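Enquirer: Here is a sequence together with a model predicted from it:
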Amino acid sequence: MKPYLLFLSGLMCASGLSLFASGIDATATYTDSQISPGDFQYDLTLNNTGTTTIGTFWFSWVITPSGANGFLPDTPTDVVDPTGWTDVLTNGGAAIQFKTSSDLLASGDSLSGFEFDSTMTPAQLQMDFTGTGVGDGDPIATSFVYAGAPLAGPSDQFVVTPATAATPEPATTLIVAVGFGLIVLTSSSMRKLKKSLES
């Protein structure tokens, strides 16, 4: 077999590994707002970046072969769910489990409407868990999703991150930089031309 055919076969095999994976993958972001002195509201958006559905979103929680743990330092209040989802506080109020049996989040879709209030500050939410038990040193915003019911079927672990403004595409940045460069060159040339005409 020719070398380039071997190379192409290797690429196909490597890319084909994802076809046999569990198919569940997710990201999530949050925004925060202060609703009163010492009280904050957090709004979460869950993104299904995998190839299967999502039926459980377990926020600020981790499970390992040695056990599970919740990371929230303060028990959340006024928890709000998207339509068709329900919530339950777990681990003594240190985690929030959102789940649905009818409105599964489809592959490629995003879902907002996961909300809760807390005395936990935005700075605290970005810290690592330093308590006792499983997950010491993991980010407080560590979360899990399941394809369907909690603790059943494939799952994915990830960290919920602050929502940020979209950054411009590199090509857009380059075009803007070239445009500014041309403006500077043009204005410089115009000044030189004006000086030569005046002298």
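Expert: Noted; the coordinates are in hand. Residues are numbered from 1 along each chain as shown.
Enquirer: residue contacts, Gly133?
Expert: Contacts for Gly133 (CB atoms under 8 Å, 6 or more residues apart in numbering) come out as 67, 69. Using the backbone N, CA and C atoms, a C-beta is placed for each residue, glycine as well.
Enquirer: Revised request: answer the last question for Asn47.
Expert: Counting by CB under 8 Å, 6+ apart, Asn47 has contacts 26-29, 109-110.
Enquirer: For the host helix or strand of it, C-alpha coordinates in CSV please.
Expert: Secondary structure from DSSP states H and E places Asn47 in strand 39-48. The C-alpha atoms that make up strand 39-48 are tabulated as CSV, following Å, rounded to 0.1, in the frame of the first residue of the first chain:
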residue,chain,number,x,y,z
ASP,A,39,-27.8,38.6,47.1
PHE,A,40,-27.1,37.5,43.6
GLN,A,41,-29.1,36.0,40.7
TYR,A,42,-27.4,33.5,38.4
ASP,A,43,-28.9,32.7,35.0
LEU,A,44,-27.5,29.5,33.3
THR,A,45,-27.6,28.5,29.6
LEU,A,46,-26.9,24.9,28.7
ASN,A,47,-25.6,24.0,25.3
ASN,A,48,-25.8,20.5,23.9
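Enquirer: which phi and psi does Pro122 have?
Expert: phi -60, psi -40 (degrees, to the nearest 10).
Enquirer: re earlier: for the contacts of Asn47, give me JSON lines that also has pLDDT.
Expert: JSON lines is the format used below for those (pLDDT from 0 to 100):
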{"residue": "Ala26", "pLDDT": "98"}
{"residue": "Thr27", "pLDDT": "98"}
{"residue": "Ala28", "pLDDT": "98"}
{"residue": "Thr29", "pLDDT": "98"}
{"residue": "Asp109", "pLDDT": "98"}
{"residue": "Ser110", "pLDDT": "98"}
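Enquirer: who does the strand holding Asn47 pair up with?
Expert: strand 26-36 (antiparallel), strand 110-118 (antiparallel) (DSSP bridges).
Enquirer: Need the per-residue pLDDT for Thr164.
Expert: We have a pLDDT of 84 for Thr164.
Enquirer: Not counting sequence-adjacent ones, nearest residue to it?
Expert: Nearest residue to Thr164 in three dimensions, chain neighbours excluded: Thr29, at 7.9 Å (CB to CB, 6 or more residues apart in numbering).
Enquirer: Surely that neighbour and Asp43 touch.
Expert: No - the criterion here is CB atoms under 8 Å, and Thr29 misses it with Asp43 at 9.3 Å.
Enquirer: follow-up on the earlier one: of all the contacts of Asn47, which comes closest to Thr121?
Expert: Taking CB to CB as the measure, Thr29 is the one of the contacts of Asn47 closest to Thr121, at 17.7 Å.
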